[in-house]
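*Asks:* let me see the structure of the following:
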Amino acid sequence: MGVIHVTDRAGQRHTLEAIEGWRVMEIIRDWGLPIEGLCGGACECATCHVFVAEDWLDKLFPPTEEEEDQLDTVVTKPSSRLSCQILWTPELDGLEVTLAPTGA
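*Replies:* Below you'll find the predicted structure:
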């Protein structure tokens, strides 16, 4: 087990225990933070949109075309990702993300 650090929409930082193989969206949701994940991780919406800390971007697999298509439906930054498409592994221990504004 390891951790991810999540900054919520109010600017509060949370350190959450993470389990290998779980989607980052599932970890955030299961700890009770306000992330929707309406499609349940099927990459069919962008309600789990997060901003990944710059230091972590190169450690993630690049987004798929399907993920990029969903990100095109919201206001993004270069660090935007769908948290349902990030599987947590021990190499991501300490991952830092910020919840994107609702509708962004």
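
*Asks:* what sits against the most centrally placed residue in the chain?
*Replies:* Most central in the chain under Cα atoms, centre = their mean is residue 83, positioned 2.6 Å from the mean C-alpha point. The contact partners of residue 83, by Cβ atoms under 8 Å, 6 or more residues apart in numbering, come to 23, 24, 25, 28, 35, 37, 48, 49, 50, 97. Every residue, glycine included, has its C-beta placed from N, CA and C.

*Asks:* likewise for residue 90?
*Replies:* Taking Cβ under 8 Å, 6+ apart as the test, what residue 90 contacts is 2, 20.

*Asks:* make residue 1 into 15 and carry on from there
*Replies:* Yep, numbering from 15; the last one is residue 104 now.

*Asks:* and it, how far is that from residue 114?
*Replies:* Using Cβ to Cβ, to the nearest Å, we find residue 104 at a distance of 26 Å from residue 114.

*Asks:* got it, and residue 92?
*Replies:* Residue 92 is 13 Å from residue 114, by Cβ to Cβ.

*Asks:* between those two, what contacts are shared?
*Replies:* Counting by Cβ under 8 Å, 6+ apart, nothing touches both residue 92 and residue 114.

*Asks:* the two - which one has more neighbours?
*Replies:* In this view residue 92 and residue 114 are compared by other Cβ atoms under 10 Å, and residue 114 has more residues nearby, 24 against 8.
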